[in-house]
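**Student:** let's see this in three dimensions:
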Amino acid sequence: MSSPAQDATQSQRNAHTFAPGLMVKVRDELWLITNVAQSVDGYLLKVRGLSDYVRDTTASFYTALDDVEVFDPAKVEVVADHSPGYRTTRLWLETTLRQTPVPLYQDRLSVAEGMLMDPLDYQLSAVRKALSDDNLRPRILIADAVGLGKTLEIGMILAELIRRGRGERILVVTPKHIMEQFQQEMWSRFAIPLVRLDSAGIQRVQRILPASRNPFTYFPRVIVSMDTLKSGKYRAMLEKVRWDAVVIDEIHNATNVGTQNNELARTLAPTTEALLLASATPHNGDPESFKEILRLLDPTSVMPDGTIDAEAVSRLLIRRHRHSDEVDSVVGEKWAERKDPINRPVEASAEENAVAAELEQTWIHPEAANTNPAKDRLFPWTLVKAFLSSPAALGETIDNRLKRVPQSDTNQRQALEHLQTLNAKVTRQNSNKYATLVNYLQDIGVGKGKKTRAVVFSERVATLHWLKENLTKDLKMPAGAVEVMHGGLSDEEQMRLVDEFKRTDSKLRILITGDVASEGVNLHTLCHNLVHYDIPWSLIRIQQRNGRIDRYGQTEPPQIAALLLDTKQGGYVGELHVLSKLINRENEAHALLGDVGSLIGKHSVSGEEDEIRRVIQNQVQFDDVVKTPDQIATEQAQSEEDLIDQLLAGFGLEADNTDETNNAEDSTHTESLYPSEIAYLEDALNEAFYSAPERSLTAGGVSFQFHSNGVAELEPPEDLRRRLDVLPQDYLADRKVRERFQLATNTTVGNEVMRRARTGQDGSTWPKAHFLGPLHPVTDWATDRALAQLSAGEITAIEGDVPTPTVLLMGTLTNKRGQVVSRAFVTVMDGFLAQTIEDPYAWLRNIGLTEKAINPGTLTVPQDAKDLIERSVEVAKNQLQPMMKAARDHAHTRIDHWSDRAHAWESSKEGVQQTLRVGRSAGLIAQEKALIASLEPDRELIRPLVLVLPANQPNHTEEA
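**Tutor:** Numbering: from 1, shown residues only. From the prediction side, this is the model:
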């Protein structure tokens with residue numbers, strides 16, 4: 001039991017106002033608070049080191065365990081700034097304002113538009129929706145159609161969360177084959193470094209950590225494949241880790257209840273503040289799977305009786321396609337319109353017709369049903385699909401079947417052997433479909449010594465290898481010009497092939513691939529021709545394939561071609577018009593809906609194949625199975641499946657009410673004292689290295705150079721190299737940035753370097769010069785080093801265009817979770833006259849703190865400066881009370897709204913059968929109620945930032 005003295009000490013500790021931006025002293029070292037969270041008996045402080053011994057490190061302290069000395073922001077020492085052009089003050093103010101989180105739900109975007117990408121309005125609207133206070137916390141399903149740039153939207157959301165102080169710990173979960181692509185986009189465009197971990201990587205981390213340390217706490221930002229994380233051995237570790245943001249890409253792979261993928265998603269969802277889910281196909285045909293996604297985002301979005309809350313879907317879902325109004329109006333030349341598909345009928349040769357006739361008469365439609373050699377009804381259709389692929393695929397299928405058919409089954413074995421004999425007569429010389437492919441590739445300019453590239457899709461691996469062997473011969477292609485990719489290859493080999501296909505220095509011209517490349521892989525960089533050598537009996541698969549080259553960033557009109565084998569047999573085997581209709585219906589849906597999943601309504605490749613097989617068997621009509629896009633747009637929902645289809649098609653969702661004036665404001669509002677990031681970095685380097693950063697490391701500099709081509713470079717010293725350890729390991733190895741770090745200082749240079757990297761002109765797909773954006777770690781390092789000389793508890797004084805001594809102050813309101821709820825700025829003249837200002841950057845520029853400022857170096861700080869600051873803090877508190885009250889009222893309104901939702905869900909649970917799913921949701925909602933309580937505004941903090949004295953005042957004499 002604690003003593004009264006101990007209780008008093010603890011009470012005194014908890015009486016402190018802990019808030020982001022405050023400096024504290026813990027264990028004899030100085031720290032800056034970056035995050036505050038309430039604990040059972042005090043607060044958990046996340047801090048960043050300021051004093052020499054702990055600089056560049058982060059730590060967490062519990063106020064119940066450590067003595068925390070808070071530096072009262074009102075009791076600061078004022079020191080005159082004698083640096084050139086008031087460089088120290090500009091740096092300190094810029095850095096302080098950047099390091100102080102902006103309010104989590106601020107409408108205006110802070111950093112998203114400063115990244116290496118085109119600032120498209122439809123992508124920015126996704127960012128605003130994710131950050132909107134319509135949701136309890138940032139949670140969204142980005143279900144944009146294939147090719148719109150979901151990865152870029154995720155990057156912008158993460159960047160904004162980081163700027164809001166809510167992105168320190170990030171976990172990204174993706175399929176294996178797109179990990180490197182995702183990792184490259186996050187680092188190259190947004191300066192968000194993700195360390196790639198696989199099972200071996202996790203084990204390496206475990207070996208260097210104490211046995212009690214969780215390996216997922218070692219790196220703050222990681223990317224891991226779903227296949228790695230779904231292992232049960234990692235689940236207990238993940239349950240104990242808290243994240244600021246979790247991203248799960250291709251979430252449709254984790255919606256089937258009871259699977260390891262689903263258990264992983266359920267484990268992660270409650271452990272994170274922000275949850276970003278992405279999938280172009282979030283509905284697999286089972287309404288429960290779509291509901292599972294909604295429950296991950298918000299457990300109140302699906303009522304206890306299973307009813308979907310359409311209002312919640314409007315909040316949680318964003319879905320657009322190529323021809324949505326907001327997309328079509330801005331993509332322009334950055335996404336060329338798809339050409340009409342080419343459906344090329346191919347008249348079968350005599351040898352191909354002989355095989356088709358045998359399939360029809362013996363296997364598909366024998367004269368008597370009981371004479372069919374196959375014991376199962378689906379195998380004949382396996383033979384048909386193999387035949388429509390290639391003689392190699394059919395031969396492989398027959399061989400594999402013969403290995404399993406017992407010798408006693410003479411009827412089936414004889415039928416298979418006869419079919420094999422006929423199939424063996426189909427060669428590359430007499431296969432008309434193959435000849436048509438060769439002619440088509442030559443017509444579009446593919447050949448030896450030519451630049452044109454093409455992607456050729458086939459479902460069968462045997463077909464892929466058969467095509468590679470024969471195309472290499474008949475097109476006289478050199479080694480490495482024709483390659484095969486399929487799911488049986490290692491992750492590294494798949495990534496190598498995708499990487500090569502994007503590079504101009506690669507020999508690769510024809511990529512023959514299975515459907516492993518139909519999800520998530522970008523093949524459009526240097527290619528706009530795609531051929532379906534065989535046609536999937538699935539609209540979803542056709543759309544996924546086409547999306548590899550028909551996507552944002554495609555500057556050439558994509559051309560999709562399909563080869564349709566027209567046999568004399570017709571009927572079941574050569575159902576030409578059905579497959580042709582599939583290609584055309586996908587094209588129609590692409591233009592109107594942007595998605596094909598709702599046309600057949602099965603939402604899975606296998607389900608669609610079953611339906612198309614029924615059409616080919618003449619059991620049903622094509623139009624009875626495959627709806628038109630117009631039908632989806634006009635029909636009333638008849639079932640839960642129809643409702644979900646219509647919601648995903650955009651019908652029944654509330655319009656995005658993002659205020660368009662915010663768009664204009666975002667593009668004109670400048671949140672910086674500097675005209676560019678390189679100007680900020682140069683000032684920091686000059687301040688840190690005594691105006692000589694160009695000197696070598698041994699001479700006290702960093703060998704800094706800023707070239708006329710817009711590229712800057714420096715040699716990282718030891719303290720910067722330590723910070724670079726969290727960068728992607730492949731990037732560190734390829735670009736050797738520990739030895740020399742190159743920076744692209746504007747978007748023109750950055751985009752050119754990215755283009756050269758993507759096309760392999762610079763020897764790696766990682767950019768040679770990394771874009772210097774607003775979250776760059778080199779800038780963070782440089783400013784920390786530059787401001788190390790400014791002691792804790794000090795602010796600067798400068799001269800400016802003010803009539804009387806004026807203090808600029810910042811006020812923040814934080815909730816019990818340590819999140820900044822509101823932020824405001826006020827000036828106080830002469831310690832009594834206060835004025836709230838909307839834009840501190842504009843005010844500072846107006847009083848003369850610009851890059852052209854001249855510092856005469858004669859400023860003397862008035863003796864009453866300390867008293868002036870303390871009076872100004874009190875005046876500012878009173879001035880900001882109405883604003884703080886409005887922020888509190890708004891927060892309380894949100895709290896009441898979400899409390900009412902939770903209570904309504906719990907009330908509706910009465911009388912409903914208590915299933916395991918309802919019980920799980922009830923547990924999550926109990927956690928949500930605790931979260932709601934923690935949103936209560938809790939702490940106000942007023943911080944003086946700078947004292948501005950009137951210029952050329954006679955009483956401001958030189959210091960002795």
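
**Student:** C-alpha only now, for contacts and for neighbours.
**Tutor:** Will do.

**Student:** tell me what the helix or strand hosting residue 685 is packed against?
**Tutor:** Secondary structure assigned from DSSP states H and E places residue 685 in helix 677-688. In terms of contacts (3 or more Cα pairs under 8 Å, 6 or more residues apart in numbering; DSSP states H and E), helix 677-688 is packed against helix 87-99, helix 777-786.

**Student:** now the longest one: mean pLDDT?
**Tutor:** Pointing back at helix 87-99 there. Per-residue pLDDT over helix 87-99 has a mean of 93.

**Student:** buried stuff in it?
**Tutor:** Of the residues in helix 87-99, those buried by neighbour count under the rule 16 or more other Cα atoms under 10 Å are 87-95, 97-99.

**Student:** contacting residues around the helix or strand just after that helix?
**Tutor:** Scanning forward in sequence from helix 87-99 by DSSP H and E, the next helix or strand is helix 121-131. The contact list for helix 121-131 (Cα atoms under 8 Å, 6 or more residues apart in numbering) reads 104-107, 109, 112, 137-140, 142, 149, 152-154, 156-157, 315-316, 318, 326-327, 330, 658, 663.

**Student:** can you flag the buried ones in those?
**Tutor:** 104-107, 109, 112, 137-140, 142, 152-154, 156-157, 315-316, 318, 326-327, 663.

**Student:** among these, which are located in strands?
**Tutor:** 139-140, 142, 318 (DSSP state E).

**Student:** among these, which one lies nearest to residue 218?
**Tutor:** Out of those, the one with the shortest distance to residue 218 is residue 139. That distance is 25.2 Å, counting by Cα to Cα.

**Student:** so which strand or helix has residue 944?
**Tutor:** Using DSSP H and E, residue 944 sits within strand 937-950.

**Student:** kindly export that strand (C-alpha atoms) in CSV.
**Tutor:** Only the C-alpha atoms of strand 937-950 are listed here, as CSV (Å, rounded to 0.1, in the frame of the first residue of the first chain):
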residue,chain,number,x,y,z
PRO,A,937,-10.6,17.4,-24.5
ASP,A,938,-8.2,17.4,-21.6
ARG,A,939,-5.3,19.8,-21.7
GLU,A,940,-4.6,23.3,-22.9
LEU,A,941,-1.1,24.5,-23.6
ILE,A,942,0.1,28.1,-24.5
ARG,A,943,3.6,28.3,-25.9
PRO,A,944,5.5,31.6,-26.7
LEU,A,945,7.3,31.2,-30.0
VAL,A,946,9.2,34.4,-30.6
LEU,A,947,9.5,38.0,-29.3
VAL,A,948,9.5,40.6,-32.1
LEU,A,949,10.8,44.1,-31.1
PRO,A,950,10.3,47.2,-33.2
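
**Student:** could you give the angle of that strand to helix 87-99?
**Tutor:** Put simply, strand 937-950 runs at 160 degrees to helix 87-99, going by axes from the mean of the first three to the mean of the last three Cα atoms, to 10 degrees.

**Student:** the strands in the stretch 551-700 of the chain, which residues?
**Tutor:** 559-566 (DSSP state E, counting those that start in this stretch).

**Student:** low-confidence ranges in it?
**Tutor:** Judged by pLDDT under 70, the stretch 551-700 of the chain has its weakly predicted residues at 569-575, 635-642, 646, 649-670.

**Student:** contacts for the strand or helix carrying residue 928 next, please.
**Tutor:** Per DSSP H and E: residue 928 is located in helix 916-934. When contacts are defined by Cα under 8 Å, 6+ apart, helix 916-934 is touched by residues 136, 270, 295, 299-300, 304, 815-817, 895, 898-899, 902, 906.

**Student:** mind putting those in JSON lines, neighbour count included?
**Tutor:** Formatted as JSON lines, the contacts of helix 916-934 follow (neighbours: other Cα atoms under 10 Å):
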{"residue": "136", "neighbour count": "19"}
{"residue": "270", "neighbour count": "18"}
{"residue": "295", "neighbour count": "21"}
{"residue": "299", "neighbour count": "23"}
{"residue": "300", "neighbour count": "25"}
{"residue": "304", "neighbour count": "25"}
{"residue": "815", "neighbour count": "23"}
{"residue": "816", "neighbour count": "20"}
{"residue": "817", "neighbour count": "20"}
{"residue": "895", "neighbour count": "20"}
{"residue": "898", "neighbour count": "20"}
{"residue": "899", "neighbour count": "17"}
{"residue": "902", "neighbour count": "19"}
{"residue": "906", "neighbour count": "17"}
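
**Student:** residue 872: which of the residues you listed is nearest?
**Tutor:** If you rank the contacts of helix 916-934 by distance to residue 872 using Cα to Cα, residue 815 comes first, at 24.4 Å.

**Student:** returning to what we had before: quick one: contacts of the helix or strand that the helix holding residue 685 is followed by?
**Tutor:** Beyond helix 677-688 on the C-terminal side, the first helix or strand identified by DSSP H and E is strand 705-706. With Cα under 8 Å, 6+ apart as the test, strand 705-706 has contacts from 694, 712-714.

**Student:** and residue 144, helix, strand or coil?
**Tutor:** coil (DSSP: H, G, I helix; E, B strand; the rest coil).

**Student:** burial of the closest residue to it other than its chain neighbours, as a residue count?
**Tutor:** Ranked by Cα to Cα, 6 or more residues apart in numbering and with sequence neighbours excluded, the top spatial neighbour of residue 144 is residue 319, at 4.3 Å. Number of residues near residue 319 (other Cα atoms under 10 Å) recorded here: 21.

**Student:** residue 319 contacts residue 648, correct?
**Tutor:** Yes. Residue 319 is in contact with residue 648 according to Cα atoms under 8 Å; the separation is 6.8 Å.

**Student:** burial measure for residue 521, as a count.
**Tutor:** Around residue 521 there are 18 residues (other Cα under 10 Å).

**Student:** go ahead and confirm it touches residue 178.
**Tutor:** Yes. The pair residue 521 / residue 178 is scored as a contact, 6.6 Å apart, by Cα under 8 Å.

**Student:** could you give the angle of the helix holding residue 685 to helix 777-786?
**Tutor:** Per the same axes, to 10 degrees, the angle that helix 677-688 makes with helix 777-786 is 30 degrees.

**Student:** so which residue is dead centre in the protein?
**Tutor:** Central residue of the chain (Cα atoms, centre = their mean): residue 154, 2.9 Å from the mean position.

**Student:** I appreciate the help and will end here.
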